[in-house]
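>>> Structure for the following, please:
(2 chains)
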Amino acid sequence: MEFPKDLKYTKEHEWVKVEGNIATVGITDYAQDSLGDVVYVELPQEGASVTKHEPFGVVESVKAVSDLYSPLSGSVTEVNDAIVDSPEAINEDPYGDAWMIKVEISSDSDLGDLLTADEYQKFIEEEK
Amino acid sequence: MEANGTKGLVLEEPLIFEKSFPGRAGIGPAPSDVPEADPASVLPSKFLRKGIEGFPDISEMDAARHYTRLSQWNFGLDSGFYPLGSCTMKYNPKINETAARLPGFAMLHPYQPEHLSQGALELMHSLEGYLAEISGMEAITLQPSAGAHGELCGLLMMAAYFKAQGKPRTKIIIPDTAHGTNPASSHLAGFKVVPVKTEGKGALSVEMVRAVMDEDTAGLMLTNPNTIGLFERNIKEIADLVHSKGGLVYCDGANMNAIMGLVKLGDLGVDVVQLNLHKTFSTPHGGGGPGSGPVGVGKVLEPYLPCPRIKKEGGKYSLDFNRPDTIGRMKAFYGNFSIMVRAYSYIRRMGGAGLKRASETAILNANYIKERLKGTYHLAFDEPCMHEAVFSDKFQLGSGISTMDIAKRLIDYGYHPPTVYFPLVVHGAIMIEPTETETVDTLDRFIEVMKAIAEEAKTNPQLLKDAPTKTKIRRVDETRAAREPILRWK
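Numbers count the residues shown, from 1 in each chain, chains lettered A, B, ... in the order given. Okay, the predicted model is just below:
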């Protein structure tokens, strides 16, 4: 299982890639593996605002339906509509093709509690 | 060990549309002795029915064989053990069916006048009384047609209560040990859900609720016993806290089958509860329905109950529509009446002592399975459970075997799999609810099979990966079924 070092992670199993004031968000390899085959994904509209720790979408697998929690607050600048039509991308390439949303990070959004790859890996070891 | 599943002749059967042959029919009416008239020449066109496209022309015998064959592909409670956790697949006594088929009940017309429906009204009135006594609530409505419908009904009454006070409240607290339908029902009733994580403890504490309960919050919605099969022991203190902030407590009573006769929810500070007759009171789950989800309320919510209410005055029963604060109707007519007859029949047959013993036996059976299988399967919460026990695939994952493989292998042994991958708070959950209606012999046999499967997982995991092998349809492609569903015949 991979956890790229250049990404940040949450305990809700999302990954974040911060580039300037834009953050790209998706779910981790561990999340897709635990969920099993993803069959449906619901994402917000472009322009919607997302709030840290609040749900921004839904992902459904053959096992369960789970909320997607936003790792930060801001407004959605881009949505990966391609994965809505082919949710299998989330299982195949969670860090690449299956990015979910891009968010313009609001000025007061706190990124301090995001985990590094090592911290996240340690967290899921404990959770198992 | 000899498997339960054995060989048998299962016949292929096409769709009924594919068996159609033009002109074939179930009934051949005798030739008419009056001249035929073209309906179009005597009736206005708006009353004329068009042909039904694709409607099969089929003989009576072919129709009978068609449905009999399909029924032989099925697995139900009458075919075998069905330990589906959270669903409470208890046996449905046949006397319930006899009662529901009595012509006086079965042939009733919903518009039959009150003075000709006294027996039905009496049955409903009595059932309300029994359910009120069992739940410890003030009054009951029988209208909601399922558990989640009952939840919505209860939540709408809560909303109406706060609105009537001039202080509508917008939020509701729901712990992660509550039933999955609770957040959906709350959302539908207009509340914003405040989730509470029990952080692996399996039960709610007063502190967890205190941290989020405020005066914008209508109250708490919890499931008790909760969805992990544990009793929420702090419920009384939690209810007191919610009440001190002016809030109300909704208890999802879907798991009442573990506490009927033992606990009166009203005594624990619960203001509103729904009871699932198709779980606790042995009415059928049917093919997805009809269910029945009566709602019980305490004094404060009584004025908001759906109407009509059934009133008894001077030995006569009537329907009372004069309820100015009611939330209105929840269901056409009076709810799913034939299900009420079955529940009434069950309660009368069991009696108070019998219902209590049913709860005790449900708890005993679940704890028996829990104790005998822990060690073989990882037990999520090692403490006394109520009516269901939650295991996981943690011990088997090392051999590449997951919960789904264990569930599929059970089918080969002739058992319906338990609930899997739910509750979500347990990874790879296997939730087993034996119910009180199974004998210890059945439980012993099931335990042996579960142990045999755990052994197979170590010595021959491919057996589990390939399962089921004895069914008509082998392992189905659930992913493709969900991604590309074919929902109708074309």
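
>>> Show me what the longest helix seen in chain A is packed against.
Secondary structure of chain A read by DSSP state H shows that its longest helix is helix A:117-127. Judged by 3 or more CB pairs under 8 Å, 6 or more residues apart in numbering or on different chains; DSSP states H and E, helix A:117-127 is in contact with strand A:8-9. In short, each C-beta sits where N, CA and C put it, glycine included.

>>> What is the subsequent helix or strand relative to the strand it packs on?
Following strand A:8-9 in sequence order, the next helix or strand is strand A:14-19 (DSSP states H and E).

>>> Report the angle between the longest helix of chain A and strand A:14-19.
170 degrees (axes from the mean of the first three to the mean of the last three CA atoms, to 10 degrees).

>>> Which residues belonging to helix A:117-127 are considered buried?
With burial defined by 16 or more other CB atoms under 10 Å in any protein chain shown, the residues of helix A:117-127 counted as buried are A:Ala117, A:Tyr120, A:Ile124.

>>> From the residues you listed, pick the one nearest B:Gly261.
Of all these, A:Ile124 has the smallest distance to B:Gly261: 43.8 Å, by CB to CB.

>>> how much space between that closest one and B:Glu448?
35 Å (CB to CB, to the nearest Å).

>>> Dihedrals phi and psi, the closest residue to A:Leu35 other than its chain neighbours?
Nearest residue to A:Leu35 in three dimensions, chain neighbours excluded: A:Ser61, at 3.9 Å (CB to CB, 6 or more residues apart in numbering or on different chains). The phi and psi values for A:Ser61, taken as degrees, to the nearest 10, are phi -120, psi -180.

>>> Run through the residues of chain A sitting next to chain B.
A:Ser34, A:Asp37, A:Val39, A:Tyr40, A:Glu60, A:Val62, A:Lys63, A:Ala64, A:Ser66, A:Pro87, A:Glu88, A:Lys128 (CB under 8 Å from any CB of the partner chain).

>>> On the three-state scheme, the third one is what?
Just to be clear, that refers to A:Val39. The three-state label given to A:Val39 by DSSP: H, G, I helix; E, B strand; the rest coil is strand.

>>> Make sure I have this right: B:Leu220 is in a strand.
Yes - counting by three-state DSSP, B:Leu220 is located in a strand.

>>> And the strands in the chain?
This is for chain A. Using DSSP state E, the strands of chain A run over residues A:8-9, A:14-19, A:22-27, A:38-42, A:49-50, A:55-61, A:65-69, A:74-79, A:101-105.

>>> not quite, I wanted chain B
Assigned by DSSP E, the strands in chain B fall at B:139-141, B:171-175, B:192-196, B:217-223, B:248-253, B:272-275, B:295-297, B:309-313, B:316-320, B:378-379, B:389-392, B:419-420, B:429-432.

>>> out of the ones you listed, nearest to chain A?
For chain A, the closest of the strands of chain B is strand B:419-420, at 7.7 Å, according to CB to the nearest CB.

>>> Show me the contact partners of the closest one.
Residues from elsewhere that reach strand B:419-420 (CB atoms under 8 Å, 6 or more residues apart in numbering or on different chains): A:63, B:84-87, B:403-404, B:407, B:428-433.

>>> hmm, try it at 6 Å
Strand B:419-420 is contacted from outside by B:Leu84, B:Gly85, B:Ser86, B:Thr403, B:Ala407, B:Ile430, B:Met431, using CB atoms under 6 Å, 6 or more residues apart in numbering or on different chains.

>>> Next: stretch B:158-170.
Contacting residues not belonging to stretch B:158-170 are listed as B:Ala189, B:Lys192, B:Asp216, B:Ala218, B:Leu248, B:Leu301, B:Tyr304, B:Ile327 [CB under 6 Å, 6+ apart].

>>> and what of stretch B:353-370?
B:257-262, B:385-389, B:432, B:434-436, B:443.

>>> Put the buried members of those residues into a PyMOL selection.
A single PyMOL command is used to select the members of the contacts of stretch B:353-370 judged buried by 16+ other CB under 10 Å:
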select buried, chain B and resi 257+258+259+260+261+385+386+387+388+389+432+434+435+436+443
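
>>> if I look at the residue nearest the centre of chain A, how far off is A:Ser107?
Taking CA atoms, centre = their mean, the centroid of chain A lies closest to A:Gly26, which sits 2.7 Å from it. A:Gly26 sits 23 Å away from A:Ser107, going by CB to CB.

>>> what does chain B have sitting close to chain A?
Residues of chain B lying close to chain A (CB under 6 Å from any CB of the partner chain) are B:Tyr421, B:Leu424, B:Glu478, B:Thr479, B:Ala482, B:Arg483.

>>> what do you get if the cut-off is 10 Å, keeping everything else the same?
Residues of chain B lying close to chain A by CB under 10 Å from any CB of the partner chain are B:180, B:183, B:193, B:195, B:200, B:394, B:397, B:402-404, B:420-424, B:427-429, B:477-485.

>>> on that earlier part again, which one of the contacts of stretch B:158-170 sits in the busiest neighbourhood?
When the contacts of stretch B:158-170 are compared by neighbour count (other CB atoms under 10 Å in any protein chain shown), B:Leu248 ends up highest, at 28 neighbours.

>>> Next, the contact list for that one, please.
Taking CB atoms under 10 Å, 6 or more residues apart in numbering or on different chains, we find B:Leu248 in contact with B:154-155, B:157-158, B:161-162, B:169, B:172, B:217-221, B:239, B:242, B:269-272, B:297-298, B:300-301.

>>> The same query, at a cut-off of 7 Å, please.
B:Met158, B:Tyr161, B:Ala218, B:Gly219, B:Asp271, B:Val272 (CB atoms under 7 Å, 6 or more residues apart in numbering or on different chains).

>>> B:Pro44 and B:Pro35, how far apart?
Per CB to CB, B:Pro44 is found 21 Å from B:Pro35.

>>> Any figure for the gap between the nearest residue to A:Tyr69 once chain neighbours are set aside and B:Met330?
Of all residues not flanking A:Tyr69 in the chain, A:Glu12 sits nearest, at 4.1 Å (CB to CB, 6+ apart). Going from A:Glu12 to B:Met330 by CB to CB gives 36 Å.

>>> before we move on, what about B:Ala146?
11 Å.

>>> Same question for A:Asp108.
From A:Asp108 to B:Met330 the distance is 45 Å (CB to CB).

>>> and the two? which has more neighbours close in?
Set side by side, A:Asp108 and B:Met330 show more neighbours around B:Met330, with 21 against 8, by other CB under 10 Å.

>>> Can you name the residues that contact the more buried one?
B:Met330 makes contact with B:Gln143, B:Pro144, B:His149, B:Cys153, B:Pro306, according to CB under 7 Å, 6+ apart.

>>> now swap in B:Pro284 and tell me
B:Asn92, B:His278.

>>> Do you know the pLDDT at B:Gly288?
Note on B:Gly288: pLDDT of 50.

>>> What's the local residue count around A:Asp97?
A:Asp97, neighbours per other CB under 10 Å, totals 14.

>>> wait, it sits on A:Glu88?
No - between A:Asp97 and A:Glu88 there is no contact under CB atoms under 7 Å: 10.1 Å.

>>> Please work out how many residues are found near the closest residue to A:Ala48 other than its chain neighbours.
Sequence neighbours aside, A:Val76 is the residue nearest to A:Ala48 in space, at 4.8 Å (criterion: CB to CB, 6+ apart). The tally of other residues near A:Val76 (other CB under 10 Å) stands at 21.

>>> Next, the contact list for A:Val76, please.
A:Pro44, A:Glu46, A:Gly47, A:Ala48, A:Val50, A:Ile101, A:Val103.

>>> So how do I select the buried members of these in ChimeraX?
Here is the ChimeraX selection string for the buried members of these, based on 16+ other CB under 10 Å:
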select /A:44,50,101,103
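
>>> Pipe the contacts of A:Val76 into TSV and attach pLDDT per row.
Shown next, in TSV, are these (pLDDT from 0 to 100):
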residue	pLDDT
A:Pro44	97
A:Glu46	96
A:Gly47	95
A:Ala48	96
A:Val50	95
A:Ile101	97
A:Val103	96
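
>>> got the contact list for stretch A:53-70?
Contact with stretch A:53-70 is made by A:10, A:12, A:14, A:27, A:35-44, A:50-52, A:90, A:100-101, B:421, B:424, B:478-479, B:482, as judged by CB under 7 Å, 6+ apart.
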